[in-house]
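Colleague: Prediction below, plus the sequence it came from.
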Amino acid sequence: MVKSMTGFGKAEFEVNNKKITIELKALNSKQVDINARIPSIYREKEIEIRKELAEKLVRGKIDLTIYVENHGSESNSRINEAILTSYFEHLKKINESLGLNTDQGTLLALLRLPDVVKTEYETLDEHEWGIILEHLRNAIGEIEEFRMAEGKALEADIIANTNKIRELLQQVSPFESQRMEIIKNRLTESLGKLNLAGGVDENRFEQELVFYLDKMDMNEEKVRLENHCFYFLETIAREENSGKKLSFIAQEMGREINTLGSKAYESNIQRMVVQMKDYLERIKEQLLNVL
């Protein structure tokens with residue numbers, strides 16, 4: 001079963017007077033590559049988040065963003081009344097000694113002095129985190145559904161291209177006898193052009209020709225290519241997250257096709273080999289996005 005590496009998941013919910021939005025996006029990549037943009041309050045959970053994403057999504061370039069919109073009426077900033085009053089009393093005393101007025105502008109200036117306004121950092125609520133984690137898993141589930149749906153289309157296309165290679169491979173056989181005659185005639189013609197002194201030992205020539213034609217036989221490459229194609233289709237049908245394995249098998253298929261091309265010596269077979277390479281390139285491009 002094939003899964004795509006691309007997908008998108010989103011979750012929106014409210015908890016503790018906060019509207020929280022989780023966006024999760026996955027793209028193709030050779031390894032798992034997680035980029036998490038989360039508020040500082042949840043930083044202590046980043047390792048747990050990364051572990052969850054790596055275990056469930058396995059591979060790909062994964063972007064996670066958590067947005068928090070606070071709907072509460074309370075602010076995290078507090079005015080330290082004791083310090084503000086102390087500053088005010090000291091400044092009022094100085095102003096009186098200098099004959100200056102103490103007004104609203106004085107109070108505004110005091111608010112910018114050190115320690116008058118302090119920020120109380122929010123601590124992580126474990127109940128809130130549990131709800132966030134639940135919705136994160138829902139977003140992961142959406143990506144998994146997206147990957148499976150896209151994977152079905154990829155699988156159908158990959159299987160069709162693989163079967164095209166197998167069909168072309170079956171069409172090679174009728175041209176093999178013609179190919180052997182072409183090779184034999186070329187060798188005989190080339191040998192005749194050499195004008196060797198004393199001529200050629202016909203028996204020795206026949207022996208060497210048989211040996212050479214045996215080396216040029218394509219049956220072994222055809223059998224291996226057919227086996228690779230069968231193993232490729234078997235892996236797609238039975239194994240999950242097989243993208244890397246399928247890529248390795250496709251490389252082996254490519255080696256056999258290249259060897260067939262180097263041994264072709266016949267225009268029809270050469271044309272079929274070119275078509276096989278075209279279908280194989282399509283398969284390789286699609287495998288870049290297979291989990």
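Modeller: Sure thing, it's come through.
Colleague: quick one: which helix or strand includes residue 178?
Modeller: Applying DSSP states H and E as the criterion places residue 178 in helix 176-193.
Colleague: quick check: mean pLDDT across that helix?
Modeller: Helix 176-193 comes out with an average pLDDT of 68.
Colleague: Okay, strands next: where are they in this structure?
Modeller: For the chain, the strands defined by DSSP state E occupy 7-15, 18-27, 32-37, 60-70, 77-79, 117-119.
Colleague: what's the closest of the ones you listed to residue 48?
Modeller: For the strands of the chain, proximity to residue 48 was assessed by Cβ to Cβ; strand 32-37 is nearest, at 10.9 Å. (C-beta placed from N, C-alpha, C; glycine too.)
Colleague: Spell out, range by range, the helices that occur in the stretch 51-200 of the chain.
Modeller: Taking DSSP state H, counting those that start in this stretch as the test, the helices found in the stretch 51-200 of the chain are 81-98, 104-110, 126-170, 176-193.
Colleague: Name the stretch among those helices that sits most buried.
Modeller: helix 126-170 (a mean of 17; mean count of other Cβ atoms under 10 Å).
Colleague: quick one: pLDDT of the residue lying closest to residue 45 once chain neighbours are set aside?
Modeller: Once its chain neighbours are removed from consideration, residue 45 has its nearest residue in residue 129; the separation is 6.2 Å (Cβ to Cβ, 6 or more residues apart in numbering). According to the per-residue confidence, residue 129 scores 92 in pLDDT.
Colleague: re the thing from before, out of the helices of the stretch 51-200 of the chain, which comes closest to residue 258?
Modeller: Comparison of the helices of the stretch 51-200 of the chain against residue 258 by Cβ to Cβ identifies helix 126-170 as nearest, at 13.0 Å.
Colleague: other SSEs contacting the closest one?
Modeller: Using 3 or more Cβ pairs under 8 Å, 6 or more residues apart in numbering; DSSP states H and E as the contact criterion, the secondary-structure elements in contact with helix 126-170 are strand 7-15, strand 18-27, helix 46-57, helix 219-238, helix 243-263, helix 267-287.
Colleague: Just send the ones you listed back as CSV, with mean pLDDT too.
Modeller: What follows is the helices and strands packed on helix 126-170, written out as CSV (pLDDT from 0 to 100):
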stretch, mean pLDDT
strand 7-15, 92
strand 18-27, 93
helix 46-57, 93
helix 219-238, 93
helix 243-263, 93
helix 267-287, 94
